[in-house]
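Asker: Turn this into a model:
(one chain, ligands or ions: 1)
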Amino acid sequence: MSNAAETGTSFRRVSERPTVLAVPDPQHRWRCGGRGNMTRFDVVREARTREFWHLDPAGAATVDDTDILSERVASVSCRWCGRDDVIEVVARPGAESG
Ligand SMILES: [Zn+2]
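Answerer: You can find the predicted model right below:
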């Protein structure tokens, strides 16, 4: 398990956070590593969608239906401390045996 990129040179990494966080699923959830917050986050998402636009005779549009074709979480930050570099994906309680 040795890291081939390890050179022994000491340098400060700007950020160690993953570029893309996984979206919570039935086995996982987000957790703020700073304060332990697990319930309140600001999430920035980029999504590619297909929308059913319903225009009335006057031309005013209403989106009746939206399909998300693909999406990507751009950033997740903690509502408590505001940090976005300490959010981690952890297992949900009871999900380990699943
Ligand atoms: Zn926090």
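Asker: Could you use CA atoms for every contact and neighbour count after this?
Answerer: Noted.
Asker: Give me the local confidence score for V44.
Answerer: Looking at V44, its pLDDT is 93.
Asker: That one and P93, how far apart?
Answerer: To P93, V44 is 26 Å away according to CA to CA, to the nearest Å.
Asker: Likewise for N37?
Answerer: With CA to CA as the criterion, N37 and P93 are 15 Å apart.
Asker: So for those two, which sits in the more crowded spot?
Answerer: Under the criterion of other CA atoms under 10 Å, the comparison of N37 against P93 puts N37 first, with 16 against 10.
Asker: Where does that one sit: helix, strand or coil?
Answerer: coil (DSSP: H, G, I helix; E, B strand; the rest coil).
Asker: excluding its backbone neighbours, what's nearest it?
Answerer: In this structure, N37 finds its nearest non-sequential neighbour in R31, 5.8 Å apart by CA to CA, 6 or more residues apart in numbering.
Asker: could you say which helix or strand contains the one you found?
Answerer: strand 28-32 (DSSP states H and E).
Asker: Next: H54.
Answerer: Going by DSSP H and E, H54 is part of strand 41-55.
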